[in-house]
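Student: would you be able to build a 3D model of this:
(one chain, ligands or ions: 1)
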Amino acid sequence: MQENRKTLGQYMTPDLVADLIARHIPSDAKSVIDLAAGDCSLLRAARKRRLDLELFGYEIDSEMHQKAQVRLPLAKVSFTNGLTGRLPRGLRAHNKIAVVGNPPFVEFAPTDSMRKILQKAFPNLTTKLGSRRAEVYFLARSLLIAKTTGSTVAILMPISFADGDIYTQYRAELMKNYSIKKAIEIPESVFVATEARTVLLIIDTSSNKTNQIDIGRLDVATGKVKRIFKGELHNGDRLDARYYDGRALFGSTTLNLKDVGVTVTRGHYSHKESKTMELGAIHTSDLARATHGKLSLGTETQIFPNTAELLDDTLAQAGDILLPRTGSRVSWNPVIVSSGCAPITDHVFRIRAPSTSIEAVKNAFMHPSFTAWLKCTAKGVCATVLTKRELLTMPLFADLSSPQNSNQAMVTS
Ligand SMILES: C[S@@+](CC[C@H](N)C(=O)[O-])C[C@H]1O[C@@H](n2cnc3c(N)ncnc32)[C@H](O)[C@@H]1O
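Tutor: Okay, the predicted model is just below:
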């Protein structure tokens, strides 16, 4: 049982979230399907809202299937694989079929027919990333089923689907081929056993273009959804509320690093590789040696002529700002190089600003708002990650409070 729990992702949806999902079943839907029905938590919530709905499900585990039959006898739950099981007979004749889901978030080995489902649902997907995650196949099949009648998919996905770079192409495909109406972040406190942060996606399959997306967060105390952002996004943009908390805090009109000519690079080599090559590269752990935010790199690092060219865009020197790119126990304090020169590892960002904006940029990294912005922007479950693209959107915080800095930054933009 415990084994199944992990391998089949048997974590049932709490009533609060099941009700939220049920609220998004469109009023014109006549049937609802759950491809991974478990004990019927979602179908029961749907039934609670609307007695007239026909309820269908699939469940691969016999014990769970029995439970489902006991808890909701009127639902037609097939004891089979939700990714390959046939659609219930006569279903296509129904007007609108909505799909609800909290699929298993597990690693698995997809079959060829499952890969075809993925390709059909996301026609221009070229990445192999995420292609062993069961949940993306459940999402794909849900979309294809709902699309047969132009209905809605209301599906819970891991937060990495909303914020991770691995899933950028999937998000772009969703935005291009369907209409994402809402992305509602579900705080980790809701799923007590896993403490997983998740996102509920509401997708209208009758449209092949996403316009306005409503991004919000479920308030656990009231069961209501608090809107964080509503507007148009670029295909593939992040969908997590935490990220838009940051945008709401700092506004989108403020100048950011990109506007003032900042460049961000990172090392070519891992910590291990640079050790083997005896590069003396600065790693995240070395940044902790900084005093009062300043780090002298010394002059003992020998840059060999044959590696100098190779390392040119990843050599740190006085005036540069260094910041960890990823890590689980790293200090995320930015460090200013006070003297010396050294290569950096691929875990470290080198932030370099032109002389016209260097003071404004340094002030921004030392500004109290930097930590709040970083909290909203960095992501990841085990190790936290920040991307170069996101870093370049960092606002010039000092610019917010100081007209002097604002003018300086304006001139250089
Ligand atoms: C995260 S639980 C969700 C259950 C229920 N829908 C809910 O929201 O409470 C996922 C369920 O899917 C079942 N499952 C896992 N793989 C499956 C598959 N390939 N086909 C059908 N069910 C599957 C698991 O046994 C588990 O009961």
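Student: where along the stretch 51-200 of the chain do the strands fall?
Tutor: 54-58, 76-78, 97-101, 152-158, 179-186, 198-204 (DSSP state E, counting those that start in this stretch).
Student: which ones are touching residue 35?
Tutor: Shown in contact with residue 35 (CB atoms under 8 Å, 6 or more residues apart in numbering): 57, 58, 82, 83, 99, 101, 103, 138, 141, 142, 145. Just so you know, the C-beta spots here come from the backbone N, C-alpha and C atoms, and that holds for glycine as well.
Student: JSON lines for the strands of the stretch 51-200 of the chain, including mean neighbour count and mean pLDDT?
Tutor: Shown next, in JSON lines, are these (neighbours: other CB atoms under 10 Å; pLDDT from 0 to 100):
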{"stretch": "strand 54-58", "mean neighbour count": "22", "mean pLDDT": "96"}
{"stretch": "strand 76-78", "mean neighbour count": "20", "mean pLDDT": "96"}
{"stretch": "strand 97-101", "mean neighbour count": "27", "mean pLDDT": "97"}
{"stretch": "strand 152-158", "mean neighbour count": "25", "mean pLDDT": "98"}
{"stretch": "strand 179-186", "mean neighbour count": "23", "mean pLDDT": "98"}
{"stretch": "strand 198-204", "mean neighbour count": "23", "mean pLDDT": "98"}
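Student: wait, which of those is closest to residue 29?
Tutor: strand 97-101 (3.9 Å; CB to CB).
Student: per-residue pLDDT of residue 309, please?
Tutor: At residue 309, the pLDDT value in this model is 54.
Student: which element is residue 390 on?
Tutor: helix 388-391 (DSSP states H and E).
Student: what comes up buried for that helix?
Tutor: 390, 391 (16 or more other CB atoms under 10 Å).
Student: quick one: list the elements packing against that helix.
Tutor: Packing partners of helix 388-391 (3 or more CB pairs under 8 Å, 6 or more residues apart in numbering; DSSP states H and E): strand 263-266, strand 348-352.
Student: so which residues of the stretch 101-250 of the chain form helices?
Tutor: Under the criterion DSSP state H, counting those that start in this stretch, the stretch 101-250 of the chain contains helices at 112-121, 134-147, 159-163, 168-177, 241-250.
Student: could you list the low-confidence segments of the stretch 151-300 of the chain?
Tutor: Residues of the stretch 151-300 of the chain meeting the criterion pLDDT under 70: 251-253, 299-300.
Student: isn't residue 43 up against residue 54?
Tutor: No. Using CB atoms under 8 Å, residue 43 is not in contact with residue 54; the gap is 10.3 Å.
Student: which residues are in contact with both of those two?
Tutor: In terms of CB under 8 Å, 6+ apart, residue 43 and residue 54 are both contacted by the residues residue 32.
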